[in-house]
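1. Just the structure for this:
(2 chains)
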2 protein chains.
Amino acid sequence: MQFTAESPSNGMIERDFTVGHVPGVLWSPASGVVRAPLILMGHGGGTHKKAPAMAGRAHRLVTGCGFHVAVIDAPGHGDRPRTAHDEQEIAALFEARAAGEPEGPIVVRYNAHLAEIAVPEWQATLDALQELPEIGTDGPVGYFGINMGTAIGVPLAAVEPRITAAVFGQHWPDVLAEKAKQVTIPIEFVLQWNDEHIPRESGLALFDAFASEEKTLHANAGKHKELPRFETDSAVRFFARHFGRAITSLI
Amino acid sequence: MQFTAESPSNGMIERDFTVGHVPGVLWSPASGVVRAPLILMGHGGGTHKKAPAMAGRAHRLVTGCGFHVAVIDAPGHGDRPRTAHDEQEIAALFEARAAGEPEGPIVVRYNAHLAEIAVPEWQATLDALQELPEIGTDGPVGYFGINMGTAIGVPLAAVEPRITAAVFGQHWPDVLAEKAKQVTIPIEFVLQWNDEHIPRESGLALFDAFASEEKTLHANAGKHKELPRFETDSAVRFFARHFGRAITSLI
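-> Got it, this is the predicted structure:
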């Protein structure tokens, strides 16, 4: 693991890093490097590790709870090169959108492909992060990712016992339900009640598939991209509850 | 409206009152009588206005947000007499339970009967409460009731424009869905994913029926009586968000 840059960012310390060829960012409390739980965050399709949703969620987790938060670029995203296969799938997605055809089949198969690459990358990243004294191997680790972040996070949680609580949501069950059946940790799962891409029954089926004894569904009225901002606060509280941290500020 | 008793209670001022023949309780901040939003709470079937769930939720709303909280005994409950019809329906419910038959048909019809009586009682109680200077006619009013509290609260919210945000949950859609279609205020709705009394599809159908532009479903793994305690915190935050109040303490 190599740190390539460090700067203050909105009340946090932001450190860019690479693990092998995978670039990532680690946000930590500005108050100093103190041992605290780690939240891994997965970004959405077509975005990247420092997209506004990632920086905003990190800010709440870091300044509100004192957590460390890490995000890596998914394959073909952010600072990583696209393969010919990536270009082909992205073109297929744009064609389907332009033709008004369902996105689901393309997103499901492309995200499943990316997850196969990303899961071992996340595990290597977690190995490296746990070597840092402010994280260590004995602290709790959470995962927070919606959309493509769920397509990668569910198979990751299925094989990675170090992750002990997760927030997922907004994906199809076609590939993920089988993985979700292997997940037993507490989860919070968001879906949009009027999602124009993911049929309601599909979203509910994925939530239903998790083997977790504690699982909570948050379904909000609205379309795919209208996930309410208060769900981020709820995710912060979910991790604070499970990792025994007080929330000092939610704003 | 007559106040019949006043005492300190767990950091709150507790005042018993009657409006006509209906007994109720009003919990207010101990810091003094300051104008603040009012939350009406409906208790569950077989319990009463001061049951532990009511006192506990009131404590969080009053000490956490500075709200006033009022509960009245439902017809045939608490300090109110049971009619021959009440006795008959309660006996039918116990017989169904003992025989392992579904409770739903009895609970639905009995609660619908109670709601017809309780809705005008709530409206008269709200009229009286709004005459108090610490409540007034221009502050926001919320409603928070699960189970029988929903059977009474949904028809109340359907006809009572003074209620501008509500937390409901855990009931059948048979009678209530038609009323829910008239409700347009923001709602939070809880259901239990493994409810042994209310089929999952029935609970989801009632949530779906609300005409509210902002509505959030919280479905938790677990049986009918296993609603997690953190849902009370969530309800408190829901009212704080809609009524513009800071939460000073959740414990």
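2. Flag every buried residue along the helix or strand encompassing residue A:217.
-> Element membership of residue A:217, judged by DSSP states H and E, is strand A:215-220. Within strand A:215-220, the residues scored as buried using 16 or more other CB atoms under 10 Å in any protein chain shown are A:215, A:216, A:217, A:218, A:219, A:220. C-beta coordinates here come from the backbone N, C-alpha and C atoms, glycine included.
3. Local confidence estimate at residue A:248?
-> Among the per-residue scores, residue A:248 shows a pLDDT of 67.
4. ugh, typo on my part, it should be residue A:34
-> pLDDT for residue A:34: 83.
5. Tell me how many other residues crowd it.
-> 11 (other CB atoms under 10 Å in any protein chain shown).
6. ok, residue A:63 - how many residues close by?
-> Neighbours around residue A:63, by other CB under 10 Å: 20.
7. meant to ask about residue A:53
-> By other CB under 10 Å, the residues close to residue A:53 number 17.
8. Contact partners for it?
-> Shown in contact with residue A:53 (CB atoms under 8 Å, 6 or more residues apart in numbering or on different chains): A:43, A:44, A:47.
9. ok so, going back, quick one: mean pLDDT over the strand holding residue A:217.
-> 98.
10. Next, see if it gets close to chain B.
-> Yes: under the criterion of CB under 8 Å from any CB of the partner chain, chain B is reached by strand A:215-220 at A:215, A:216, A:217, A:218, A:219, A:220.
11. just checking, the third one touches residue A:192?
-> No: if you go by CB atoms under 8 Å, residue A:217 and residue A:192 don't touch, sitting 11.7 Å apart.
12. From the contact counts, what lies against the longest helix anywhere in chain A?
-> Secondary structure of chain A read by DSSP state H shows that its longest helix is helix A:104-129. Contact here means 3 or more CB pairs under 8 Å, 6 or more residues apart in numbering or on different chains; DSSP states H and E; on that basis helix A:104-129 packs against strand A:12-19, strand A:22-29, strand A:38-42, strand A:68-72, helix A:84-98, helix A:148-159, helix A:173-180.
13. Let's have the ones you listed in a markdown table, adding distance to residue A:129, mean pLDDT and mean neighbour count.
-> Listed next are those as a markdown table, based on distance: least, CB to CB, whole Å; pLDDT from 0 to 100; neighbours: other CB atoms under 10 Å in any protein chain shown:
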| stretch | distance to residue A:129 | mean pLDDT | mean neighbour count |
| --- | --- | --- | --- |
| strand A:12-19 | 8 | 97 | 19 |
| strand A:22-29 | 7 | 98 | 23 |
| strand A:38-42 | 6 | 98 | 27 |
| strand A:68-72 | 6 | 98 | 27 |
| helix A:84-98 | 26 | 97 | 13 |
| helix A:148-159 | 14 | 98 | 26 |
| helix A:173-180 | 23 | 98 | 20 |
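14. between the ones you listed, which one is nearest to residue B:34?
-> Nearest of these to residue B:34, taken as CB to CB: strand A:22-29 at 36.1 Å.
15. tell me how far the closest one is from the chain's mean position?
-> Its chain's C-alpha centre and that of strand A:22-29 lie 13 Å apart, by CA atoms, centre = their mean, to the nearest Å.
16. now swap in stretch A:23-43 and tell me
-> For stretch A:23-43, the distance to the chain centre is 14 Å (CA atoms, centre = their mean).
17. and what of stretch A:139-146?
-> So, by CA atoms, centre = their mean, the centroid of stretch A:139-146 is 8 Å from its chain's centroid.
18. For chain A, what lies in contact range of chain B?
-> Residues of chain A lying close to chain B (CB under 8 Å from any CB) are A:193, A:204, A:207-208, A:212-221, A:228, A:230, A:233-234, A:237, A:241.
19. Just the buried residues out of these, in PyMOL syntax.
-> Burial among the residues of chain A next to chain B is assessed by 16+ other CB under 10 Å; the matching PyMOL selection reads:
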select buried, chain A and resi 193+204+207+208+212+214+215+216+217+218+219+220+221+228+230+233+234+237
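20. tell me the contacts of residue A:139?
-> Contact analysis of residue A:139 by CB under 8 Å, 6+ apart lists A:35, A:36, A:37, A:38.
21. you'd agree it is in a strand?
-> No: under DSSP: H, G, I helix; E, B strand; the rest coil, residue A:139 falls outside any strand and is assigned coil.
22. Per-residue pLDDT of it, please?
-> So residue A:139 comes in at 92 (pLDDT).
23. That one and chain B, how far apart?
-> According to CB to the nearest CB, to the nearest Å, residue A:139 and chain B sit 22 Å apart.
24. quick one on the thing from earlier: list the buried ones in the longest helix of chain A?
-> A:104, A:106-108, A:110-115, A:118-119, A:121-122, A:125-126, A:128-129.
25. By proximity to chain B, which residue of the stretch 51-200 of chain A wins?
-> Using CB to the nearest CB, the point where the stretch 51-200 of chain A gets nearest to chain B is residue A:193, with a distance of 7.1 Å.
26. In this structure that residue contacts residue A:226, no?
-> No: Residue A:193 lies out of contact with residue A:226 (CB under 8 Å); the separation is 9.9 Å.
27. Residues that sit against both of the two, list them.
-> Common neighbours of residue A:193 and residue A:226 (CB under 8 Å, 6+ apart) are residue A:220.
28. Please list only the buried members of the contacts of residue A:139.
-> Buried residues within the contacts of residue A:139, defined by neighbour count using 16+ other CB under 10 Å: A:36, A:37, A:38.
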